[in-house]
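>>> I would like to see how this sequence folds:
(4 chains)
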Amino acid sequence: MSEIRIQQEDFDSGAEMAALEDDGGDAGAIASFVGLVRGDGGLSSMTLDHYPGMCESEIAAHAGEARKRWSILALRIVHRIGRLVPGDRIVFVGVASKHRQAAFEAAEFLMDYLKTRAPFWKLERRGESETWVRARAEDDASVKRWIR
Amino acid sequence: MSEIRIQQEDFDSGAEMAALEDDGGDAGAIASFVGLVRGDGGLSSMTLDHYPGMCESEIAAHAGEARKRWSILALRIVHRIGRLVPGDRIVFVGVASKHRQAAFEAAEFLMDYLKTRAPFWKLERRGESETWVRARAEDDASVKRWIR
Amino acid sequence: MKILYFAWVKQKIGKAEETVDMPASVTNVATLIDFLRKRGTGYEEAFKNPALIRVAVNQQHTDFNAIVHPGDEVAFFPPVTGG
Amino acid sequence: MKILYFAWVKQKIGKAEETVDMPASVTNVATLIDFLRKRGTGYEEAFKNPALIRVAVNQQHTDFNAIVHPGDEVAFFPPVTGG
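All right, here's what the predicted structure looks like:
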């Protein structure tokens, strides 16, 4: 089973983990990732813009691709939008599989794709100045691992 | 901060995640892993033997090694011992870091080392027969990634 | 044709979406950009450096050679920065 | 010298730990194994195939060439299978 949500409200990482444990059936391994807003360089807030519709379909397509590549028993992705402050959760990705290698790889694959393909954009506020985050070459390099 | 526990009683993955989020300070990334007992091939229970003292020091040494290799803000390892049944949690590993690559790599590193170095042994029961789990060549190959 | 803008492309153009009648000169994304650039200074500013712009046609990532049709939904945005 | 056994090594020998006086013949792990094998059928059975046995001296993984001393804690066990 796959659950994919894009939402303004916060999520509970523990509740997402518990749901994965429940949905995972005979899973032996659950790998998860939580992304949080960092307060680096005086960041006061971050606002996430997104492309409704395309966001959901891009993420669903990559979840489908992950299911083709790895044996996945359950998968959950939650991505927040709107205004967030340092310490806030941004994203949860969790994968339940029989084996740990598959669970870790699928979770990393999904995170790399969220960073480089899913239509989200971050606007950072520091004091009075607002800047759109520029795509990192590092993220592009990271996603290239999965191309085959 | 590092928390390492070896215990008979169950743990709550969500509570471990919440503690990592609290301890992580300005972490941007938390990667975690939960290992569960699978009921493959009619497994009815699994009993974990361990070497008290050496277990704690081996795990602490590897947590220290992970801290040398990656920039880690918080780290939690919980490993259960004693009798477990299918669906039971065995192990939790969680790492908070500024960046996702470090968090994922450190969590995988710690799991690979727990599998191949920490003195735990699994006794599987299927019906009336009990067998000690043999070390998997795959796990040895997996840990070799980290040797440098 | 429905056109959507996101992130700083939206800010420069000053709107999130609009519906335009596709002129005969527009056959693909590149010629659509040429057409849009002439619509005002916000557009000119947004499309000044096309290397910074990404495009999706009908919610699929594509490139400037992609053919466009009157009923399409075309979105312009900077490289994505999610996760 | 304190000797510990784990997993099937413990089952074959029939005890989890014991204290032995180290004879002069014992200098390293290999000669300690030779000494222990003569203590009974359980020991002989446990150490029959030394390739299956791992050893820790004073709670550090090591190999059969490791030197041992009278006050040491030596543990014998199969390859670990944690996680």
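
>>> where does chain C come near chain A, residue by residue?
Residues of chain C lying near chain A by C-beta under 8 Å from any C-beta of the partner chain: C:4, C:6-8, C:10, C:56, C:59, C:61, C:75, C:77-83. Every C-beta, even on glycine, is put in place using the N, C-alpha and C of the backbone.

>>> What is the nearest of those residues to A:Pro119?
When the residues of chain C next to chain A are ranked by distance to A:Pro119 (C-beta to C-beta), C:Val80 comes first, at 5.4 Å.

>>> now the helices: where do they sit in chain C?
Assigned by DSSP state H, chain C shows helices spanning C:7-13, C:29-37, C:41-47.

>>> ditto for chain A
Assigned helices in chain A, in chain order: A:13-23, A:54-69, A:100-116, A:137-144 (criterion: DSSP H).

>>> The residue lying closest to A:Gln101 once chain neighbours are set aside: neighbour count?
Ranked by C-beta to C-beta, 6 or more residues apart in numbering or on different chains and with sequence neighbours excluded, the top spatial neighbour of A:Gln101 is B:Ser142, at 7.0 Å. Using other C-beta atoms under 10 Å in any protein chain shown, B:Ser142 has 18 neighbouring residues.

>>> List the contacts of B:Ser142.
Contacts for B:Ser142 (C-beta atoms under 8 Å, 6 or more residues apart in numbering or on different chains) come out as A:101, B:112, B:115-116.

>>> pLDDT score assigned to it?
The predicted structure scores B:Ser142 at 80 on the pLDDT scale.

>>> Repeat that for C:Leu52.
On the pLDDT scale, C:Leu52 is placed at 94.

>>> Assess the claim that it and C:Pro78 are in contact.
Yes: checked against C-beta atoms under 8 Å, the pair C:Leu52 and C:Pro78 is within contact range at 6.0 Å.

>>> who's more crowded, the two?
Set side by side, C:Leu52 and C:Pro78 show unequal neighbour counts under other C-beta under 10 Å, the larger going to C:Pro78 at 19 against 15.

>>> do you know how far A:Asp112 is from B:Glu105?
13 Å (C-beta to C-beta, to the nearest Å).

>>> What count of nearby residues applies to the residue in chain C positioned nearest to chain B?
Of all residues in chain C, C:Gly83 sits closest to chain B, with a separation of 7.7 Å (C-beta to the nearest C-beta). A total of 23 residues lie near C:Gly83 under the criterion other C-beta under 10 Å.

>>> surely it meets A:Phe92?
No: with contact taken as C-beta under 8 Å, C:Gly83 and A:Phe92 are classed as non-touching, separated by 10.8 Å.

>>> any common contacting residues for these two?
Common neighbours of C:Gly83 and A:Phe92 are listed as A:Gly35 (criterion: C-beta under 8 Å, 6+ apart).

>>> Could you show which parts of chain A are in contact with chain C?
A:35, A:48-51, A:53-54, A:57-58, A:79, A:90-91, A:111, A:114-123, A:132-136.

>>> Also within reach of chain B: list those from those residues.
When C-beta under 8 Å from any C-beta is taken as the criterion, the members of those that contact chain B are A:35, A:111.

>>> Bridging across strands, which residues link to A:Phe120?
On the basis of DSSP bridges, A:Phe120 takes part in beta bridges with A:His50.

>>> Could you report the pLDDT at the residue of chain A most remote from its centre?
The outermost residue of chain A, judged against the average C-alpha position, is A:Glu128 (28.6 Å), by C-alpha atoms, centre = their mean. According to the per-residue confidence, A:Glu128 scores 92 in pLDDT.

>>> How much space separates whatever residue of chain A ends up closest to chain B from chain D?
Proximity of chain A to chain B (C-beta to the nearest C-beta) peaks at A:Gly14, 2.1 Å away. If you measure A:Gly14 against chain D using C-beta to the nearest C-beta, to the nearest Å, the figure is 22 Å.

>>> what do you get for C:Met22?
C:Met22 sits 59 Å away from chain D, taking C-beta to the nearest C-beta as the criterion.

>>> And for C:Gly42?
57 Å.

>>> go on, C:Asn65?
Going from C:Asn65 to chain D by C-beta to the nearest C-beta gives 50 Å.

>>> Over to C:Ser25?
Taking C-beta to the nearest C-beta, one finds C:Ser25 at 63 Å from chain D.

>>> same check, this time on C:Ile53
Using C-beta to the nearest C-beta, which is the criterion applied here, C:Ile53 is 47 Å from chain D.

>>> Show the average pLDDT along stretch C:1-8.
What stretch C:1-8 shows for mean pLDDT is 97.

>>> List, one by one, the residues from chain A near chain D.
Neighbours of chain D within chain A, by C-beta under 8 Å from any C-beta: A:Arg100.

>>> Go again with 10 Å.
Along chain A, the residues adjacent to chain D under the rule C-beta under 10 Å from any C-beta of the partner chain are A:29, A:100.

>>> Output the lowest mean pLDDT helix or strand found in chain A.
With mean pLDDT, DSSP states H and E as the measure, the helix or strand of chain A carrying the lowest mean pLDDT is helix A:137-144 (a mean of 77).

>>> now it and helix B:100-116, what's the angle there?
Relative orientation of helix A:137-144 with respect to helix B:100-116: 50 degrees, computed using axes from the mean of the first three to the mean of the last three C-alpha atoms, to 10 degrees.

>>> chain center to helix A:137-144, what's the gap?
Put simply, helix A:137-144 sits 15 Å off its chain's centre (C-alpha atoms, centre = their mean, to the nearest Å).

>>> now swap in stretch C:49-64 and tell me
Taking C-alpha atoms, centre = their mean, one finds stretch C:49-64 lying 7 Å from the centre of the chain it belongs to.

>>> Please put the alpha-carbon coordinates of it into CSV.
These are the backbone C-alpha positions of stretch C:49-64, laid out as CSV (Å, rounded to 0.1, in the frame of the first residue of the first chain):
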residue,chain,number,x,y,z
ASN,C,49,17.6,33.8,-19.4
PRO,C,50,15.8,30.7,-20.7
ALA,C,51,18.5,28.5,-19.3
LEU,C,52,17.0,29.2,-15.8
ILE,C,53,13.5,28.1,-16.9
ARG,C,54,12.0,24.7,-16.8
VAL,C,55,8.7,23.7,-18.5
ALA,C,56,6.0,21.1,-18.1
VAL,C,57,3.4,20.4,-20.8
ASN,C,58,0.2,18.8,-19.4
GLN,C,59,2.0,18.2,-16.1
GLN,C,60,4.9,16.3,-17.6
HIS,C,61,8.5,17.7,-17.4
THR,C,62,9.7,18.3,-21.0
ASP,C,63,12.0,20.7,-22.9
PHE,C,64,11.7,23.7,-25.2
